[in-house]
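Next comes the sequence, and after it the predicted model I'd like to discuss.
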Amino acid sequence: MRAAARMQQFEESIIREMTRHAMEHDAINLSQGFPDFDPPQAVVEAAVDAIRRGENQYTVTWGYPALRERLSEVYTPRLGREIDPNLHITVTCGVTEGIVAAVMAVVDPGDEVLIVEPAHENFRPAAIMAGGVPVPVPLSPPDYRLDPERLASVITPRARALLINTPHNPTGRVFDDEETAGLAELVVKHDLVLITDEIYEHILYDGRTHLSPARREGLAERTITVSGMSKTFAITGWRLGFVLAPTSLAVAVHKAHDYLTICAPTPLQAAGIAALNLPQPYFAAMAAAYAERREVMMGYLAEAGFQALMPEGAYYTIADYHSLPVEQAAWSSMDFALWLTKEVGVAVVPMTSFYSAPGYGQGSVRFAFPKRVDTLHSAGRRLLELGDLRR
């Protein structure tokens, strides 16, 4: 027997593989982007209450009604257009499913899907599973800026959709007004659908603010906005994402989601209302806490000899390891990541896993820092011992 040919076009997640290696070797897991601390207590209690009061069966396919109402209240001003809770919103099993549902809703076999890389691992498989052809648009170090000329150079008559993530994983970039303006111009000019992953919209540093691309002129009716609650509220295991689609595409997203997962977990959707209702100081405190973690992580990386990129948003940094005082600094990114996990006891992700474009990502790894500060100190102390591991 043989598997479908499309399944041969991509591998299982390297991020999750590195988590398995971390568990096997008792390494500190700075590979997968999940917190090692609890969600807000009010949100946890809301989930327990929902289970106890019987919210344990299927809900409406595209989302628990009261949650969609609250999302409408939050995102109508944020996107600058009316978000109808009964039409424009689909609650999904995480942003990962949201991306797949969005791509399946708009991509026909043979359509090209432009993917800004480095990109989360699920972008390319989403395009392939929809029958599309993924086309990489690589960002280059050290600044990883969006280049409209590079983007324009890969657009063909077969181009249908463009996938982008901002604030960006893994670079930590928050694409600025000039970059998104150039992006918007090309999306409109070439009649593309823009699919945005905005899961880190509340994790920003140094006074930055997030402006959803859907707010830009000409993009409201051609942008599918995907976000979720996993990162903002430290509930990555709850799998709560949502897709905000324009009227012309919303029903198609509903259909894709319906046959992918039926509905996200009902009691957790009910608890999502409590999360969205947290007072504004929660969001400021959460961002400040991640800023503290960023400083701790960046300090240890610099002291250990890594050349790391200062994140503007999200909770990752890319670190070049070529200057480390070990011979492993000449290894491939994957080999180095495995060595660091097994021998140093700190699990990371090779940057090559975020690119499909050849020649990108070697010599660097991604560190995730959504951990307790004492966890980061423990990881940092291990990294400072790298000089003692000279081979």
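Cool, the structure landed.

Low-confidence stretches in this structure?
387-391 (pLDDT under 70).

let's go with 90 and repeat that
Judged by pLDDT under 90, the chain has its weakly predicted residues at 386-391.

So which residues of it form helices?
Taking DSSP state H as the criterion, the chain contains helices spanning 14-25, 41-52, 65-79, 94-106, 123-129, 148-153, 177-189, 247-261, 266-276, 280-304, 333-339, 373-383.

buried set for the first one?
If I follow you right, that is helix 14-25. By neighbour count, and taking 16 or more other Cβ atoms under 10 Å as the criterion, the buried residues in helix 14-25 are 14-15, 17-19, 21-22. Heads up, the C-betas are built off the backbone N, CA and C, glycines and all.

got it, and the last one?
Of the residues in helix 373-383, those buried by neighbour count under the rule 16+ other Cβ under 10 Å are 375-376, 379-380, 382-383.

One more: stretch 108-128?
The neighbour-count criterion (16+ other Cβ under 10 Å) identifies 111-128 as the buried residues of stretch 108-128.

now do stretch 202-214
Of the residues in stretch 202-214, those buried by neighbour count under the rule 16+ other Cβ under 10 Å are 202-205, 210-214.

Tell me the one among these nearest to residue 152.
Distance to residue 152 across these (Cβ to Cβ) is lowest for residue 213, with 17.1 Å.

residues contacting that closest one?
Residues near residue 213 by Cβ atoms under 8 Å, 6 or more residues apart in numbering: 164, 166, 180, 183-184, 194, 196, 219, 223, 225.

now, which of those residues lie within strands?
Using DSSP state E, 164, 194, 196, 223, 225 are the members of the contacts of residue 213 that sit in strands.

among those residues, who's most crowded?
Neighbours here are counted as other Cβ atoms under 10 Å. On that basis the top member of the ones in strands among the contacts of residue 213 is residue 225, with 27 neighbours.

Output stretch 195-205 as PDB, restricted to C-alpha atoms.
Once side chains and other backbone atoms are set aside, the C-alpha atoms of stretch 195-205 remain, and they are given as PDB (Å, rounded to 0.1, in the frame of the first residue of the first chain):
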ATOM      1  CA  ILE A 195      -4.100  35.300   4.800                       C
ATOM      2  CA  THR A 196      -2.600  36.800   8.000                       C
ATOM      3  CA  ASP A 197      -1.500  34.900  11.100                       C
ATOM      4  CA  GLU A 198      -1.700  37.400  14.000                       C
ATOM      5  CA  ILE A 199      -1.500  35.100  17.000                       C
ATOM      6  CA  TYR A 200       1.200  37.300  18.600                       C
ATOM      7  CA  GLU A 201      -0.800  40.500  18.300                       C
ATOM      8  CA  HIS A 202      -0.600  41.300  22.000                       C
ATOM      9  CA  ILE A 203       3.100  40.400  22.500                       C
ATOM     10  CA  LEU A 204       5.000  43.600  21.500                       C
ATOM     11  CA  TYR A 205       8.000  45.400  22.800                       C
END
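
how distant is it from the center of its chain?
Put simply, stretch 195-205 sits 8 Å off its chain's centre (Cα atoms, centre = their mean, to the nearest Å).

want to throw the buried residues of stretch 202-214 into a markdown table with distance to residue 285?
Putting these into a markdown table (distance: Cβ to Cβ, whole Å) gives the following:
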| residue | distance to residue 285 |
| --- | --- |
| 202 | 11 |
| 203 | 12 |
| 204 | 13 |
| 205 | 14 |
| 210 | 17 |
| 211 | 22 |
| 212 | 23 |
| 213 | 27 |
| 214 | 27 |
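
Most widely separated two among the residues you listed?
Spatial extent of the buried residues of stretch 202-214 (Cβ to Cβ) is set by the pair 205 and 214 at 22.8 Å.

Would you mind writing the CA trace of stretch 45-64 as PDB?
Listed in PDB are the C-alpha atoms of stretch 45-64, where the atom choice follows Å, rounded to 0.1, in the frame of the first residue of the first chain:
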ATOM      1  CA  GLU A  45     -12.100  28.600  36.700                       C
ATOM      2  CA  ALA A  46     -14.300  29.600  33.800                       C
ATOM      3  CA  ALA A  47     -13.400  26.400  32.000                       C
ATOM      4  CA  VAL A  48     -14.200  24.300  35.100                       C
ATOM      5  CA  ASP A  49     -17.500  26.100  35.500                       C
ATOM      6  CA  ALA A  50     -18.400  25.500  31.900                       C
ATOM      7  CA  ILE A  51     -17.800  21.700  32.200                       C
ATOM      8  CA  ARG A  52     -19.700  21.500  35.500                       C
ATOM      9  CA  ARG A  53     -22.800  23.300  34.100                       C
ATOM     10  CA  GLY A  54     -23.000  20.900  31.200                       C
ATOM     11  CA  GLU A  55     -21.300  22.700  28.300                       C
ATOM     12  CA  ASN A  56     -19.800  19.400  27.100                       C
ATOM     13  CA  GLN A  57     -21.500  18.700  23.800                       C
ATOM     14  CA  TYR A  58     -21.100  20.000  20.300                       C
ATOM     15  CA  THR A  59     -21.800  23.700  19.800                       C
ATOM     16  CA  VAL A  60     -22.600  25.600  16.600                       C
ATOM     17  CA  THR A  61     -20.000  24.500  14.100                       C
ATOM     18  CA  TRP A  62     -18.500  27.900  13.600                       C
ATOM     19  CA  GLY A  63     -18.300  28.700  17.300                       C
ATOM     20  CA  TYR A  64     -20.000  29.100  20.700                       C
END
